[in-house]
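I'd like to go over a predicted model; first the sequence, then the structure.
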Amino acid sequence: MKKNIFLTAALLFSLSAQAQIFDIIKSTVKDKTGVDLNVPVKNNGTVTSTKTTTTTSGNSSANLGNLTSGQISSGLKEALSMGVTDGVKKLAVTDGFFKNEAVKILMPEKLRKIDTTLRSIGMGSLADEGVKLLNRAAEDAVTEAAPIFTNAITSMTITDAKNILLGSNNAATNYLQGKTQTQLFNVFQPKVKASLGKVGADTLWKNLISKYNTFTGQAVTTDLNEYVTTETINGVFKMVADKESGIRNTPAMRTTSILQKVFGAQDGK
């Protein structure tokens, strides 16, 4: 009888010691690795998902569950169309580019030494006029850009519309730019060339470059048409991106039912 009592006591002591040792091990693991062995794990060994992760996934599905891909595509296209329309309207006026610091076309990098040289010899006003005329050419040419942008928007197919909707503030603009940049440049370049001639920018810049080359004995050239075309297109996309961001983040800017429906759904993403 005493022997049984002794064995039982020994067994209880052993179990207690093991439990204490296991507690020490768990505490050490948590201190060293941050892993809490008391947290239940799934069969695959990963820690159970947190409530935050589950909630995020639920919101995306619930918010967009009632929207069709067609509705999402229509909402995105309308937002882009509004961005182009508003952007071109603001840019296609006197000082639309020149006095908008976000899109103002500056002296081409290759010609900035001309600017420095002209100012050093008291011809800063001529350099300023050269920059102004680059912007005047963009302001004149951008009017012709609206149909090109509009056609690109209405004809595009968005197969991943839901991902674009749940993307960054200018995800749709980035998508449009990636799909149309080359086409826009090729079609838009002749219009910019005509505008450079119309406002007298080409003549003035030939004069500027000629004076610089004569004064310094160097030969500086640059393709102003290519430069202004690129900067004008970038300026329009900047305005479109600003409009898209506004519609995404400001309910008051969702002025149509499709914008309210589609972008209202992404508010809880």
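Ah, there it is.

Now do the helices in the chain.
Using DSSP state H, the helices found in the chain span residues 2-33, 51-64, 69-91, 112-120, 124-141, 145-155, 161-165, 171-198, 201-216, 224-249, 257-265.

Need the pLDDT of the residue lying closest to residue 114 once chain neighbours are set aside.
Nearest residue to residue 114, sequence neighbours excluded (Cβ to Cβ, 6 or more residues apart in numbering): residue 212, at 4.5 Å. All C-beta atoms are positioned from the backbone trio N, CA, C, and that covers glycine. In the predicted model, residue 212 carries a pLDDT score of 81.

Roughly how far does the residue nearest to residue 246 when sequence neighbours are not counted sit from residue 226?
Counting by Cβ to Cβ, 6+ apart, residue 246 lies nearest to residue 253, which is 4.7 Å off, once chain neighbours are set aside. Look at residue 253 and residue 226: by Cβ to Cβ, to the nearest Å, they are 35 Å apart.

Looks like residue 205 contacts residue 227 (just checking).
No: between residue 205 and residue 227 there is no contact under Cβ atoms under 8 Å: 10.4 Å.

returning to what we had before: TSV please, covering the helices of the chain and showing mean neighbour count and distance to residue 104.
Putting the helices of the chain into TSV (neighbours: other Cβ atoms under 10 Å; distance: least, Cβ to Cβ, whole Å) gives the following:
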stretch	mean neighbour count	distance to residue 104
helix 2-33	10	54
helix 51-64	12	39
helix 69-91	20	11
helix 112-120	16	15
helix 124-141	21	6
helix 145-155	17	17
helix 161-165	19	29
helix 171-198	18	16
helix 201-216	16	15
helix 224-249	21	8
helix 257-265	18	30
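
Which of those helices sits closest to residue 106?
helix 124-141 (6.7 Å; Cβ to Cβ).

Show the average pLDDT along that closest one.
The model assigns helix 124-141 a mean pLDDT of 92.
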